[in-house]
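[1] return atomic coordinates for the entry below.
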Amino acid sequence: MTHRVSDQSFSDAPPDDAWLDAECRRLLDFGRRIAHPLGGAAWLDDDGAPDLSRPVHTWITSRTVHVYGLGSLLGVEGCAPVATAALDGLRTTVRDGEHGGWFGAIGADGEPEGTGKSCYDHAFVMLAASTATVAGLPGADDLLADATAVFERHFWDEDLGRVVDEWDRGWTEPTPYRGLNSTMHSVEAMLAVGDATGDPGWHRRAGRLAGLVVDLAAAHDGRLPEHFGPDWSVDLQLNRDRPDDPFKPYGATVGHGLEWSRLLLHVEATLGADAPAGLLDTSRLLFDRAVADGWHADGAPGFVYTTDWDGTPVVRQRMHWVAAEGIAAAAALHRRTGEDAYARRYAAWWAYAAEHLLDLERGSWHHELDPANRPRASVWPGKPDLYHAVQATLLPRLPLAPGLASAVNLSQGWSAPA
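    Numbers count the residues shown, from 1 in each chain. Okay, the predicted model is just below:
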C-alpha cells in the first residue's frame, strides 16, 4: 500500500500528528525492497532499489531492523518481515562466527571488507536487538544477549565510564582512536537496552557518558570535539585534509550537537533524580550553538555540515540527517521546557524539510543537498536508509522516556500486530 503526504509547507504551523503518521508510512513504503540477496539490508538508491554494487553494511542492517521493528509496533503491514529478514542478516551474514561480534561490512564475495570491530557498529546492533525484542521478532532475545555480552566485554570501559572505539578482528588490541560519534550512539543503544531488558545498569552507563558531554560542551563553548587519543586527549585537527569524511569529519559537526542536545534530555528523563547535573543547561547550549553556527550560516536556508572551531562553516553541504535531528531536538526541548522559541524552530525546520528534502516524486528524503539546496551526492549518494527521517516523524509524538520502541509499544492506541 502506498501512503501519500500532501505537498505543503509548514511556515505558519508545524505538521499535525496525522501528517507525521502519513510521512512515516510513506518512508516505510520506500524501503520495502531493502533486503540484500546475501542477507541483511542493502544500500538503497534514489528510487529505493538495492544498490548491489555496495557491500552489506552492519549499521544499515541494524538501522533497518530498528526502523521496521518500529513499523511493526505501529501495526504497519509488511514491516515485520522486513525487520525479521534484516535481523537474520545480523545473526548470520555480518556476524563473525569465529571470533564473535560483527564486521563493519560484507562484500559481494561474501568476505568482510576490513576486519576491524567498531563500537559504532556494535552500538547499532544493540539498538536493533532492543527494538526487535520489544517488537517480539523471532531471534531477537538471543541477538540482544549476544550483542550486550560483546559490548560489555570489549567496548565498555567500566573504570573510565567511556567506550573503546575499535578492535582488531580477534579482539587482541584496540586502536588508539577514541570518538564521540560511537559514544553518542552508545548512549542511544544503552537507553534502549535498559528499556528492553529492565536492567537499570545500562541507563546508568548512558548517564556516565552524558556527563562526559556536559564537561566537553562547557570547555568548548558548545562545539563538541569529535576525536580523541587513547587517553581521551582532544584532537581538534584530525582529518583537516578530508573534512567531509562521512563518519569522522574535521571540526565541529552541527548535527551531532543537535543529536546530543536531544539525547541528554532522554537521559535526564530516564534517570530522573539520578541523572548527572547540568543536562538541560547543556542541551540548551548545544542547541543554541548548533543553530548559531549552522543554520542559515552562509546566506541560504539549511544547516551546514561542519564548522571550524570559531564557528566558520567548513563543509557547507546540507545533510538530511542534520535537519531531521534539528527537528527532533527542537521538539524535545519544547516538550521539556514548554518554551515557544523551540516550537518556532520546529515549525521552521519542518518547513525547510518539506520544501527542500522530501522527495515526493521518487520517495524518501534527499540525503544530501549542495549549498544552494540542490540534490547532490558527494558524501551520501543515493538514499541509504531511513533511520533519521523516520525518527523525526515519531520523536515529536512521544515522551522523552522511555525510548522509541518502548514508547511506541506503550502509547495508547499503538500496539504490535497480533
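
[2] tell me which stretches of the protein form helices.
    For the chain, helices defined by DSSP state H occupy the ranges 17-30, 58-73, 79-91, 119-135, 140-154, 180-197, 200-219, 254-271, 279-294, 320-337, 340-352, 387-394, 404-410.

[3] can you put the ones you listed in a markdown table and add mean pLDDT?
    As requested, the helices of the chain are arranged in a markdown table below (pLDDT from 0 to 100):
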| stretch | mean pLDDT |
| --- | --- |
| helix 17-30 | 98 |
| helix 58-73 | 98 |
| helix 79-91 | 98 |
| helix 119-135 | 98 |
| helix 140-154 | 98 |
| helix 180-197 | 98 |
| helix 200-219 | 98 |
| helix 254-271 | 98 |
| helix 279-294 | 98 |
| helix 320-337 | 98 |
| helix 340-352 | 97 |
| helix 387-394 | 98 |
| helix 404-410 | 96 |
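
[4] closest to Pro174 out of the ones you listed?
    With C-beta to C-beta, the closest approach to Pro174 among these belongs to helix 140-154: 8.2 Å. Every residue, glycine included, has its C-beta placed from N, CA and C.

[5] buried sites along that closest one?
    With burial defined by 16 or more other C-beta atoms under 10 Å, the residues of helix 140-154 counted as buried are Ala140, Leu143, Leu144, Asp146, Ala147, Thr148, Val150, Phe151, His154.

[6] and Ile106, how far is that from Thr270?
    34 Å (C-beta to C-beta, to the nearest Å).

[7] same check, this time on Lys383
    32 Å.

[8] got it, and Leu395?
    For Leu395, the distance to Thr270 - C-beta to C-beta - is 14 Å.

[9] coming back round to it: comparing Lys383 and Thr270, which residue is more hemmed in?
    Taking other C-beta atoms under 10 Å, Lys383 and Thr270 do not tie; Lys383 has more neighbours (27 against 24).

[10] so that one sits against Ala49, correct?
    No. Counting by C-beta atoms under 8 Å, Ala49 is not a contact partner of Lys383; they are 10.1 Å apart.

[11] what about Glu98, how many residues nearby?
    7.

[12] residue contacts, it?
    Contact partners of Glu98, counting by C-beta atoms under 8 Å, 6 or more residues apart in numbering, are absent.

[13] which of the buried residues of helix 140-154 sits closest to Val291?
    Ranked by distance to Val291 (C-beta to C-beta), the buried residues of helix 140-154 are led by Phe151 at 33.3 Å.

[14] OK, contacts around the closest one?
    His122, Ala123, Met126, Ala189.

[15] thinking again about what came up before, got a markdown table for the helices of the chain, with distance to Pro230 too?
    Below are the helices of the chain laid out as a markdown table (distance: least, C-beta to C-beta, whole Å):
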| stretch | distance to Pro230 |
| --- | --- |
| helix 17-30 | 39 |
| helix 58-73 | 24 |
| helix 79-91 | 29 |
| helix 119-135 | 14 |
| helix 140-154 | 15 |
| helix 180-197 | 14 |
| helix 200-219 | 15 |
| helix 254-271 | 21 |
| helix 279-294 | 25 |
| helix 320-337 | 29 |
| helix 340-352 | 38 |
| helix 387-394 | 30 |
| helix 404-410 | 33 |
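
[16] right, and these - which one's nearest Glu368?
    Relative to Glu368, the nearest member of those by C-beta to C-beta is helix 320-337, separated by 7.0 Å.

[17] pull the CA atoms of the closest one into PDB?
    Taking C-alpha atoms only, helix 320-337 is exported to PDB below (Å, rounded to 0.1, in the frame of the first residue of the first chain):
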ATOM      1  CA  HIS A 320      19.200  15.400   5.500                       C
ATOM      2  CA  TRP A 321      20.000  13.800   8.900                       C
ATOM      3  CA  VAL A 322      21.100  17.200  10.300                       C
ATOM      4  CA  ALA A 323      17.700  18.700   9.600                       C
ATOM      5  CA  ALA A 324      16.000  15.600  11.000                       C
ATOM      6  CA  GLU A 325      18.000  15.800  14.200                       C
ATOM      7  CA  GLY A 326      17.200  19.600  14.400                       C
ATOM      8  CA  ILE A 327      13.500  18.800  14.200                       C
ATOM      9  CA  ALA A 328      13.700  16.100  16.900                       C
ATOM     10  CA  ALA A 329      15.900  18.300  19.200                       C
ATOM     11  CA  ALA A 330      13.500  21.300  18.900                       C
ATOM     12  CA  ALA A 331      10.600  19.000  19.700                       C
ATOM     13  CA  ALA A 332      12.400  17.500  22.700                       C
ATOM     14  CA  LEU A 333      13.400  20.900  24.100                       C
ATOM     15  CA  HIS A 334       9.800  22.200  23.600                       C
ATOM     16  CA  ARG A 335       8.400  19.200  25.400                       C
ATOM     17  CA  ARG A 336      10.900  19.600  28.300                       C
ATOM     18  CA  THR A 337      10.600  23.400  28.700                       C
END
